[in-house]
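*Asks:* sequence below, structure please.
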Amino acid sequence: WGDDPSSFLAKYAAQCRSMDQTFRGFDSGRGKAFYESRHGKDWSCETCHTDDPRNPGKHAVTQKILQPMAPVANADRFSDPAKVEKWFKRSCKDVMDRECTPQEKGDFITYLMSVK
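*Replies:* Below you'll find the model as predicted:
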């Protein structure tokens, strides 16, 4: 799996179905809310990636420039499985103090794919 956002969605959907037989799919609205929410901590995804995922961002601590999150603005965003999992793991811990669930990952990617 890998190479494009839809392959990640298929993987996360399979994980969701294995945990919950009632899984009905991913939702861009939940993904957008996830992107904008602080989840009880000081940061949200927007903290570093801006309120428009088509724009480059800057890490709040290191000041490193971050490429746009939306695939429409950054075709490489969801192309490498190792990088995707690495950054989900690291960023979810920064924002929520835990790893993201497959549902959260799928909703997040669905939202970013909807940004035109």
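*Asks:* and the gap between the residue lying farthest from the centre of the chain and residue 11?
*Replies:* Distance from the C-alpha centroid of the chain peaks at residue 21, with 23.2 Å (CA atoms, centre = their mean). Distance of residue 21 to residue 11, computed by CB to CB, to the nearest Å: 18 Å. C-beta here means a position set from N, CA and C on the backbone, and glycine is covered the same way.
*Asks:* now do residue 30
*Replies:* 18 Å.
*Asks:* my guess is residue 96 contacts residue 40. True?
*Replies:* Yes - the pair residue 96 and residue 40 passes the contact test of CB atoms under 8 Å, sitting 7.5 Å apart.
*Asks:* for the two, indicate the residue with more neighbours.
*Replies:* Taking other CB atoms under 10 Å, residue 96 and residue 40 do not tie; residue 96 has more neighbours (18 against 8).
*Asks:* skipping its backbone neighbours, what lies nearest the more buried one in space?
*Replies:* residue 39 (4.3 Å; CB to CB, 6 or more residues apart in numbering).
*Asks:* alright, I will stop here.
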